[in-house]
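**Student:** Fold the following for me, if possible:
(chains A and B)
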Number of protein chains: 2
Amino acid sequence: MERDLVDWLQKTLPPHPLLRVGLGDDAAVLSLRQTADLVVTTDSLGDGSHFLLNEAEPRWIGHKCLAANLSDLAAMAAKPVAVVVSVMLPRGHADPLALAKGLYRGMLPLAEQFETIIAGGDTNVWDGPLTVSVTAFGQPTDRGALLRSNARAGDAILVTGELGGSITGRHLDFTPRVAEALLLHQRYDLHAGMDITDGLSLDLSRLCAASGRGALLDAAAIPVSPAAQQLAAADGTDPLHHALSDGEDFELLLTAPRETAEAMLRESPVECGLSIVGEVTARPGMEIREADGHTTTLEPTGFWHG
Amino acid sequence: MERDLVDWLQKTLPPHPLLRVGLGDDAAVLSLRQTADLVVTTDSLGDGSHFLLNEAEPRWIGHKCLAANLSDLAAMAAKPVAVVVSVMLPRGHADPLALAKGLYRGMLPLAEQFETIIAGGDTNVWDGPLTVSVTAFGQPTDRGALLRSNARAGDAILVTGELGGSITGRHLDFTPRVAEALLLHQRYDLHAGMDITDGLSLDLSRLCAASGRGALLDAAAIPVSPAAQQLAAADGTDPLHHALSDGEDFELLLTAPRETAEAMLRESPVECGLSIVGEVTARPGMEIREADGHTTTLEPTGFWHG
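**Tutor:** Model prediction:
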């Protein structure tokens, strides 16, 4: 089967001038445009944890596995260069080759959209569930990589898009905020950034910890997605809870000086929208200002795979 | 658990001047020494397919997962630079954190030995069996990457070490032939190379296919390992069959002009040993010359995971 898949991939994957050796050898050989730093990220996604093979089309699973890694490059404001893909196919599947092709059919349009080379891979059939491991490489811009650890007291906290409820579909079909991260990092003086994968409250607590700072969120300012509203209506919870705690938003969480953040909102340079949701504090720990003006401690309550 | 693991890794992984951003951000940032090409390889290994978690110590599993990837860099004659590691831990395990640490404890000495940065990773707990995905980056030497596709008719076919029977132990504790590949590629005019992971006959068929050539092997010249001898004595098979077909030798398969190959044997520059096992032929297909001088067709009968 692997031979058939490699044959198909060799016909299907577009050639690229920077890919000197692609599929079919022991490793891929990439030419780098410049001597810049290399940003590297890896993620494994598995059936039952990150997707359900019996509910989602293989191409959406493939899309998600690539998109999640590109989102990590976006989190560093790095321009994607290439990925390698390692797939473990379940032996009991009716048609493992079709499954593998489906995964790649989901990755290909996204790779094309973000000018990312699918440089190589590894495919096994095994007795466990489907897992897809993607490792992505990117290169930072002249402004360097955008880190989690550089938030400063007084910074405004911003998020792209709307949060919560991604389980209803967006966790599969999202577009990683690569273009937005590059544009914002280029145009504005961002201090810190990451992507929101495990819920705003948990990921913000990580950014604060990395920066040795705290945060005060403004409940009324948090952009709650329609999906979070629907989920909350169905399960009788607070939509805000979904926006704070649901996993896999794959939006950007950024900090910037207050006046920069206000300019970003005024100039509105990204279609997905931007919101100022709070402020970085000198004192560690997180608080949230409720709609009634009352401020309470915010515990990180995100969703973590494991 | 992931937080505990990241804390432990941040204390345990040695710092490196080329690793600008290590664990704890969305991605790692590596400085490359020069603008050379980047060699990239990825492999996922899973419980039940590549190792047995209930039989092998975690540190040997970790060793193998890293060593298998370094072996792919050796196959390209590339100098290892860094790896990223993605682990999916089985939820039912008694102590997932100890398991994860054990895996890394197996990787660390090998990474140190080959001056390889463990640059980052991803750890999940899930309902499936243990899987470890490693992606390794290397840089080719001035002589470029050693490809499978450049074998020429008349080349001698060489292998390092001894073949077969790795299942008795060597598949876990082998040393990847990184130093040997770099030395041989530097000192001699090698034409083609790969590592033997799925058995000599299957991997040689791949090298021949990539080069559009065939091969004539000399049965008497194939270095049969003591482990293959023991297995054959136990199961009543031919030791040569094990040497041709057993998987996971992780030795090098090389081709070079006849006189170069003879100089390599004479000068014996590598401790693991070198053997000339046959010749590349212009006509595709593989044959083997038996001890009695009789030549028969050799079918690729290696071990493939899946």
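
**Student:** tally of neighbours for the residue in the stretch 151-300 of chain A that chain B sits nearest to?
**Tutor:** Per C-beta to the nearest C-beta, residue A:194 is where the stretch 151-300 of chain A lies closest to chain B, at 5.4 Å. C-beta here means a position set from N, CA and C on the backbone, and glycine is covered the same way. Neighbours of residue A:194 under the rule other C-beta atoms under 10 Å in any protein chain shown: 26.

**Student:** go on, residue A:213?
**Tutor:** So residue A:213, with other C-beta under 10 Å, has 23 neighbours.

**Student:** Next up, phi/psi of residue A:173, please.
**Tutor:** phi -110, psi 20 (degrees, to the nearest 10).

**Student:** where's it relative to residue A:250, distance?
**Tutor:** 11 Å (C-beta to C-beta, to the nearest Å).

**Student:** Tell me which of those two has more neighbours.
**Tutor:** Remark: of residue A:173 and residue A:250, residue A:250 carries more neighbours, 25 against 13, as counted by other C-beta under 10 Å.

**Student:** My guess is residue A:224 contacts residue A:242. True?
**Tutor:** Yes. In this structure, residue A:224 is within contact of residue A:242 by C-beta atoms under 8 Å, at 7.2 Å.

**Student:** Now list whatever residues contact both of those two.
**Tutor:** Counting by C-beta atoms under 8 Å, 6 or more residues apart in numbering or on different chains, the contacts common to residue A:224 and residue A:242 are A:163-164.

**Student:** ok now do the closest residue to residue A:17 other than its chain neighbours, which residues does it touch?
**Tutor:** The spatial neighbour of residue A:17 that comes closest, neighbours along the chain excluded (C-beta to C-beta, 6 or more residues apart in numbering or on different chains), is residue A:31 at 7.8 Å. Contacts were defined as C-beta under 8 Å, 6+ apart; by that measure residue A:31 touches A:17-20, B:37-38.

**Student:** Flag the shaky bits of the stretch 1-150 of chain A, pLDDT-wise.
**Tutor:** For the stretch 1-150 of chain A, applying pLDDT under 70 flags the ranges A:1, A:33-36.

**Student:** could you pull out the helices for the stretch 151-300 of chain A?
**Tutor:** Assigned by DSSP state H, counting those that start in this stretch, the helices in the stretch 151-300 of chain A fall at A:170-173, A:178-187, A:200-211, A:226-235, A:239-245, A:258-267.

**Student:** These: which one's closest to residue B:77?
**Tutor:** helix A:178-187 (33.9 Å; C-beta to C-beta).

**Student:** so who does the nearest residue to residue A:80 once chain neighbours are set aside touch?
**Tutor:** Leaving aside its chain neighbours, residue A:80 sits nearest to residue A:116 (4.3 Å; criterion: C-beta to C-beta, 6+ apart). For residue A:116, the contacting residues are A:66, A:70, A:80-83, A:110, A:136, by C-beta under 8 Å, 6+ apart.

**Student:** and which of these is nearest to residue B:98?
**Tutor:** residue A:136 (29.7 Å).

**Student:** Find the closest residue to chain B in the stretch 101-250 of chain A.
**Tutor:** residue A:125 (3.0 Å).

**Student:** Please name the residues that touch the closest residue to residue A:64 other than its chain neighbours.
**Tutor:** In this structure, residue A:64 finds its nearest non-sequential neighbour in residue A:172, 5.1 Å apart by C-beta to C-beta, 6+ apart. Shown in contact with residue A:172 (C-beta under 8 Å, 6+ apart): A:51, A:56, A:60-61, A:63-64.

**Student:** of those, buried ones?
**Tutor:** A:51, A:56, A:60-61, A:63-64 (16 or more other C-beta atoms under 10 Å in any protein chain shown).

**Student:** Using JSON lines, lay out those together with secondary structure.
**Tutor:** Shown next, in JSON lines, are the buried ones among the contacts of residue A:172 (DSSP: H, G, I helix; E, B strand; the rest coil):
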{"residue": "A:51", "secondary structure": "strand"}
{"residue": "A:56", "secondary structure": "coil"}
{"residue": "A:60", "secondary structure": "helix"}
{"residue": "A:61", "secondary structure": "helix"}
{"residue": "A:63", "secondary structure": "helix"}
{"residue": "A:64", "secondary structure": "helix"}
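
**Student:** ok, of those residues, which one's closest to residue B:161?
**Tutor:** Of the buried ones among the contacts of residue A:172, the one sitting nearest to residue B:161 (C-beta to C-beta) turns out to be residue A:61, at 40.1 Å.

**Student:** Pull the contacting residues for the closest one.
**Tutor:** So residue A:61 contacts A:45, A:51, A:53, A:102-103, A:106, A:130, A:132, A:172 (C-beta under 8 Å, 6+ apart).

**Student:** For residue A:137, name its beta-bridge partners.
**Tutor:** For residue A:137, the beta-bridge partners are residue A:40, residue A:82 (DSSP bridges).

**Student:** Could I get the full set of strands for the stretch 1-150 of chain A?
**Tutor:** Secondary structure of the stretch 1-150 of chain A (DSSP state E, counting those that start in this stretch): strands at A:19-21, A:28-30, A:38-46, A:78-90, A:117-126, A:131-140.

**Student:** Any residue of the second one touching chain B?
**Tutor:** Right, strand A:28-30. Yes. Using C-beta under 8 Å from any C-beta of the partner chain, strand A:28-30 comes into contact with chain B via A:28-30.

**Student:** And the pLDDT at residue A:305?
**Tutor:** For residue A:305, the pLDDT comes out at 49.

**Student:** quick one on the thing from earlier: among the contacts of residue A:31, which ones are buried?
**Tutor:** A:19-20, B:37-38.

**Student:** possible to save the residues you listed as TSV with distance to residue B:96?
**Tutor:** As requested, the buried ones among the contacts of residue A:31 are exported to TSV (distance: C-beta to C-beta, whole Å):
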residue	distance to residue B:96
A:19	37
A:20	40
B:37	38
B:38	33
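
**Student:** Can you tell me which of those is closest to residue A:202?
**Tutor:** Distances from residue A:202 to the buried ones among the contacts of residue A:31, taken by C-beta to C-beta, are shortest for residue B:38, at 33.5 Å.

**Student:** thought the closest one was touching residue B:32?
**Tutor:** Yes. With contact defined as C-beta under 8 Å, residue B:38 reaches residue B:32; the gap is 7.4 Å.

**Student:** Please identify every residue contacting each of these two.
**Tutor:** With C-beta under 8 Å, 6+ apart as the test, residue B:38 and residue B:32 both reach A:32, A:38, B:139.

**Student:** how many other residues sit next to the last one?
**Tutor:** Using other C-beta under 10 Å as the criterion, residue B:139 is surrounded by 19 other residues.

**Student:** Give me the distance between it and chain A.
**Tutor:** 10 Å (C-beta to the nearest C-beta, to the nearest Å).

**Student:** What residues sit buried inside stretch A:115-135?
**Tutor:** Result for stretch A:115-135 [16+ other C-beta under 10 Å]: buried residues A:116-126, A:128-135.
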